[in-house]
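In: Sequence below, structure please.
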Amino acid sequence: MDRRVVLAIILILIVWILPSILFPPKKPSGPVDQRLGGSGDTIPAAARAGTSLPGDSVRAGSPERRTAGPLSRRTAAPDSQLEHLVTVESPLYRYVFSTRGGRLVGAMLKGYRSFARGDTGEAQLIPDSSEFLSYRLVFGRDTVDLSRWVFEPSADRVDVGSGADELTWTARRGAATVTLRYRFTPKEYLFGVVGDFRSAGAEGGLALVGLGPRLRMIEADSVGDYRSYAIVTKARSAERLDFSSIDPNARKELAGPFEWVALKSKYFMAAVLTLDPGTPHFGGVAAIGGLRSGRVATQALAFASLPAPAGMFSHSVYVGPQEYRRLAAIGHDLTDVNPYGSIFRPIIQPSSVLIVNILLWMHLHLHLAYGWVLILFGLAVRVALWPLNQKAMRSSMAMQAIQPELKSIQERYKKDPPKLQQEMMRLYKEHGVNPLGGCLPMLIPMPVLFALFFVFANTIEFRGVPFLWLPDLSRADPIYIIPGVMGLSMYGVSKIGQLGMPPNPQTTMMLYMMPIMFTVLFLNFSSGLNLYYAVSNIASIPQQWLIAKERMRRLGRPGG
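Out: Below you'll find the model as predicted:
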């Protein structure tokens, strides 16, 4: 039974994780912003395609052209004013907006560094080609493209927390007036937007809020970051649309209503949200596939539609890290923007959330570095499981003691399966043996190990955190020391666990094969996961030694 369980676990791990290690996507070559058109030259066609939601007949790649309705005739003339930038700064961030459309063109997060090659200093989330918070208003068959309007800001700089926390944008064309109000808070990455379009004929209406075409790549592992790019929406539950699932220039529409729509990378996000009770939710999302590099999708443009009765609309904006506690404080299931567990989410998510909260609590209240938190957590898990492991190991030892009788019964009743089953159950009951008990020592730590795999792959709190020689607990050990320690510790546990057991070629083979396979499998896993597993193995050695001595005493073998 033990052998079959071990093999099943190994096969699950191989099928689940190994393909992504053996066949990784090709790494994009060349500077990111050059490949993706940092100046935004490659974006307008997709941006125009994204306007064709209800009431819009524009086709992808065609010039924006309107011939019907008073609004289109009034707003067709290009604005000749020059664009300039407005900075909004708080202790957490430095947001930069353009007067052309009032869109967000820069978001520097002061508490996070960029690890991309060639980058230095703060993490900058928004690329130059940003269409994030570019607005288009749809009234019947007319579309007013506010992203082309040049707005007059109430200030060229806003220092949030110093008494100024609001930025107002105003633009006029003929009889039409647009006002956008952005309201900021110093200790949150969240700010509010209120829009007001006043013009004759602006009855009913729909606002299209621009998202994309991407977040800027700021991770050392560029492929891992690109593979995380997705649009996530929240209706009753969060649904994810990966960039890679949208072919270039292809269009996908998602029907709402949605409480929020987010553009995400591995650790960061830019989202629009409707948080206030009674506020109309986003009606839908149109996404247009963008550029690819090899098999990796590097961008996709999206527009979220929002009811704008009489030209008025409001929503909130979050541009910042995917910090679990910060997102949980906002509510509305915003933590599901990057859920733990992938296809195993129903099983993994609860334990992952519990583990994250325990690790964050230990770091905050015990004032320990995350590396020491992992070591302490690994020891604590083993101590907590000691009684259950002890019972399971003794059950395995009892099962081993009745093997001669069991083999005799199997020989005697091999032609009578019902009788064989009856006699086996009688033997188990007579000796107080649980035939499945020996599997538990291997299975008990597995949920924690699986949960930690996703925790380290998704939790920003471990991003860039060094420990001893490890430069980043969320990434693999560059010199492979900790996977080697993990493999040796696994071998030590198995070797001690076999003391006093009769020779068995299959068991001996597993003694060597499992540590080798797990070491190879864990080479490119996060160093934090390897650290936890190594500590957990080492902490289990004393218990294995005590059980081995007890086994040898019962069998009267030397060493007992």
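
In: Next up, the contacts around the closest residue to Phe191 other than its chain neighbours.
Out: Leaving aside its sequence neighbours, Phe191 sits nearest to Phe184 (CB to CB, 6 or more residues apart in numbering; 4.5 Å). For the C-beta atoms, the positions are set from N, CA and C on the backbone; glycine is no exception. The neighbours of Phe184, taking CB atoms under 8 Å, 6 or more residues apart in numbering as the test, are Val88, Ser90, Val158, Val160, Asp165, Glu166, Leu167, Phe191.

In: Dihedrals phi and psi, Phe184?
Out: Per-residue torsions, Phe184: phi -110, psi 160 (degrees, to the nearest 10).

In: per-residue pLDDT, it?
Out: Turning to Phe184, the model gives it a pLDDT of 94.

In: ok, now Tyr112?
Out: 91.

In: Tell me where the model's unsure across the chain.
Out: By pLDDT under 70, the weakly predicted segments of the chain are 1-81, 200-202, 341-343, 392, 394-403, 431-444, 500-504, 506-507, 554-560.

In: Centre-most residue in it?
Out: Nearest to the geometric centre of the chain sits Asn338, at 3.6 Å (CA atoms, centre = their mean).

In: Can you name the residues that contact that one?
Out: Ser228, Val232, Lys264, Lys266, Met269, Gln322, Asn458.

In: next one: Leu306
Out: So Leu306 contacts Leu206, Ala207, Leu208, Val209, Thr274, Pro280, Phe282, Gly283, Phe313, His315 (CB under 8 Å, 6+ apart).

In: Against Lys266, how distant is it?
Out: Applying CB to CB, to the nearest Å, the value for Leu306 to Lys266 is 27 Å.

In: Then Gly195?
Out: 31 Å.

In: got it, and Phe132?
Out: For Phe132 relative to Lys266 (CB to CB), the value is 18 Å.

In: Buried subset of the contacts of Phe184 as a ChimeraX selection?
Out: Per 16 or more other CB atoms under 10 Å, the buried members of the contacts of Phe184 correspond to this ChimeraX selection:
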select :88,90,158,160,165,167,191
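
In: and the contacts of Phe184, which of them are in strands?
Out: Among the contacts of Phe184, DSSP state E puts Val88, Val158, Glu166, Leu167, Phe191 in strands.

In: who's the last one bridged to?
Out: This means Phe191. Beta-bridge pairing for Phe191 (DSSP bridges): Phe184, Val317.

In: I figured it hits His315, correct?
Out: No: Phe191 is beyond contact range of His315, at 10.3 Å (criterion: CB atoms under 8 Å).

In: Assign a three-state SS to the closest residue to Asp145 other than its chain neighbours, would you?
Out: Leaving aside its sequence neighbours, Asp145 sits nearest to Arg136 (CB to CB, 6+ apart; 5.2 Å). Classification of Arg136 by DSSP: H, G, I helix; E, B strand; the rest coil places it in strand.

In: gap between Arg136 and Leu180?
Out: Arg136 is 13 Å from Leu180, by CB to CB.

In: If you count surrounding residues, which of those two has more?
Out: Arg136 (26 against 23; other CB atoms under 10 Å).

In: Next, find the distance separating that one from Asn338.
Out: 29 Å.

In: now Lys234
Out: 12 Å.

In: And Phe132, by the same measure?
Out: With CB to CB as the criterion, Phe132 and Asn338 are 19 Å apart.

In: ok so, going back, from the contacts of Asn338, pick the one nearest Arg94.
Out: Taking CB to CB as the measure, Arg94 lies nearest Met269 of these, at 17.4 Å.

In: That closest one: what's it in contact with?
Out: Going by CB under 8 Å, 6+ apart, Met269 touches Leu215, Ala262, Leu263, Tyr318, Val319, Gly320, Pro321, Gln322, Val337, Asn338.

In: May I ask which two of those are separated the most?
Out: Pairwise distances across the contacts of Met269 peak at 15.2 Å for Val319 and Asn338 (criterion: CB to CB).

In: Run a quick neighbour tally on Gly492.
Out: When neighbours are defined as other CB under 10 Å, Gly492 has 16 of them.

In: looking at the chain, which residue ends up farthest from its center?
Out: Farthest out in the chain is Arg412, which, by CA atoms, centre = their mean, sits 56.5 Å from the centre.

In: Does Val86 lie in a helix or a strand, and which?
Out: In the assignment (DSSP states H and E), Val86 maps to strand 85-89.

In: Which positions in that strand come out as buried?
Out: Quick answer for strand 85-89 (16+ other CB under 10 Å): Val86, Thr87, Val88, Glu89.

In: residues in contact with the nearest residue to Arg157 once chain neighbours are set aside?
Out: Closest residue to Arg157 apart from its sequence neighbours, by CB to CB, 6+ apart: Thr87 at 5.0 Å. Contact analysis of Thr87 by CB under 8 Å, 6+ apart lists Arg94, Tyr95, Val96, Phe97, Asp156, Arg157, Val158.

In: In TSV: the residues you listed, plus distance to Asn537 and secondary structure.
Out: Shown next, in TSV, are the contacts of Thr87 (distance: CB to CB, whole Å; DSSP: H, G, I helix; E, B strand; the rest coil):
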residue	distance to Asn537	secondary structure
Arg94	45	strand
Tyr95	46	strand
Val96	49	strand
Phe97	52	strand
Asp156	59	coil
Arg157	55	strand
Val158	53	strand
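
In: List buried residues within these.
Out: Using 16+ other CB under 10 Å, the buried members of the contacts of Thr87 are Tyr95, Val96, Phe97, Val158.
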